[in-house]
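Colleague: structure of the sequence below:
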Amino acid sequence: MIIQMDEQHPSPYRVERIVTFLEDDGVVAIPTDTTYALACLPDRKTAVDKLRALRRLDANKPLALVFNDIRHISEYTLLDDFSFRLLRRFLPGPYCFILEANRKLPRFISDKRKHIGVRVPAHAIPQALVAAVNRPLIVTSAIDPTTDLPLNDPWSVEDTFGHGLSAVLDGGNVPGGVSSVVDLTGDEVRVIREGLGDCSDLA
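Modeller: As a prediction, the model looks like this:
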């Protein structure tokens, strides 16, 4: 099911409708500033398992979370001063930063080292959803499992994953690239993957 949403001013009524899907262990597809993403609530294990199955992800693979802002990130991770300043420079934007999760997050969404990816997309729809559910959203890029290509329009997402989704939020086409992944858990900043986010000041 595709639900149209204004990419800059999401309808509060439609946002609340999506919240009911999420609270009912649903997985939805949302536009971001990179690809479309599959999303669910982090405290709904049934939904997280469903999301992993749809994307054919290994059960031990850590997932990413979408937040509203850096202060929101600090509620769920161990964020030191250096990392805080770095995130403030680059977020919101097409980056996923790997941090150490604190005890507020369920263990089943991080890896054995309690590492988690955090994102603040420069896109109004995920921002509105996070505000409405009053907690972060689990996300993984909507990548076609058979071609490994990121999906950047709602119809492709519906064709590929629609059988397992409560809804696809149509916010128009998105850039279609992946986010840049940056690990902040070690002694040095480590760029894991270069995507749409410029990493020239990070490497």
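
Colleague: give the partner strands of the helix or strand where Ile138 lies in its sheet and their orientations.
Modeller: Secondary structure from DSSP states H and E places Ile138 in strand 137-141. Next to strand 137-141 in the sheet, as set by DSSP bridges, lie strand 36-40 (antiparallel), strand 64-66 (antiparallel).

Colleague: next SSE after it?
Modeller: Strand 137-141 is succeeded, C-terminally, by helix 154-161 (DSSP H and E).

Colleague: contacts for the very next helix or strand once past that following helix?
Modeller: Next helix or strand after helix 154-161 toward the C-terminus (DSSP H and E): strand 167-170. Strand 167-170 is contacted from outside by 1-5, 18, 21, 26, 28-31, 36, 125, 154, 157-158, 161-162, using CB atoms under 8 Å, 6 or more residues apart in numbering. The C-beta positions use only the backbone N, C-alpha and C, and glycine is treated the same way.

Colleague: for the next helix or strand after strand 167-170, name the packing helices and strands.
Modeller: Next helix or strand after strand 167-170 toward the C-terminus (DSSP H and E): strand 180-183. Counting contacts by 3 or more CB pairs under 8 Å, 6 or more residues apart in numbering; DSSP states H and E, strand 180-183 is packed against strand 95-100, strand 190-193.

Colleague: make TSV from those and add distance to Leu169, mean pLDDT and mean neighbour count to it.
Modeller: Formatted as TSV, the helices and strands packed on strand 180-183 follow (distance: least, CB to CB, whole Å; pLDDT from 0 to 100; neighbours: other CB atoms under 10 Å):
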stretch	distance to Leu169	mean pLDDT	mean neighbour count
strand 95-100	20	93	24
strand 190-193	25	90	14
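
Colleague: among those, which is nearest Pro175?
Modeller: strand 95-100 (13.4 Å; CB to CB).

Colleague: and that closest one, what does it pack onto?
Modeller: Going by 3+ CB pairs under 8 Å, 6+ apart, strand 95-100 lies up against helix 81-90, strand 115-119, strand 180-183.

Colleague: for Arg135, which of these is the nearest?
Modeller: Between those, strand 115-119 lies closest to Arg135; by CB to CB that is 13.2 Å.

Colleague: for whichever helix or strand comes after that closest one, buried residues please.
Modeller: Proceeding N to C from strand 115-119, the next assigned helix or strand is helix 124-133, under DSSP H and E. Going by neighbour count (16 or more other CB atoms under 10 Å), the buried part of helix 124-133 is Ala124, Ile125, Pro126, Gln127, Ala128, Leu129, Val130, Val133.

Colleague: ok, so of these, who is nearest Leu91?
Modeller: Gln127 (11.7 Å).

Colleague: which residue, other than its chain neighbours, is closest to the closest one?
Modeller: Asn68 (5.9 Å; CB to CB, 6 or more residues apart in numbering).

Colleague: ok, back up a step: so can I have JSON lines of the buried residues of helix 124-133 showing pLDDT?
Modeller: Output for the buried residues of helix 124-133, formatted as JSON lines (pLDDT from 0 to 100):
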{"residue": "Ala124", "pLDDT": "93"}
{"residue": "Ile125", "pLDDT": "93"}
{"residue": "Pro126", "pLDDT": "93"}
{"residue": "Gln127", "pLDDT": "93"}
{"residue": "Ala128", "pLDDT": "93"}
{"residue": "Leu129", "pLDDT": "94"}
{"residue": "Val130", "pLDDT": "95"}
{"residue": "Val133", "pLDDT": "92"}
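
Colleague: sounds good, over and out.
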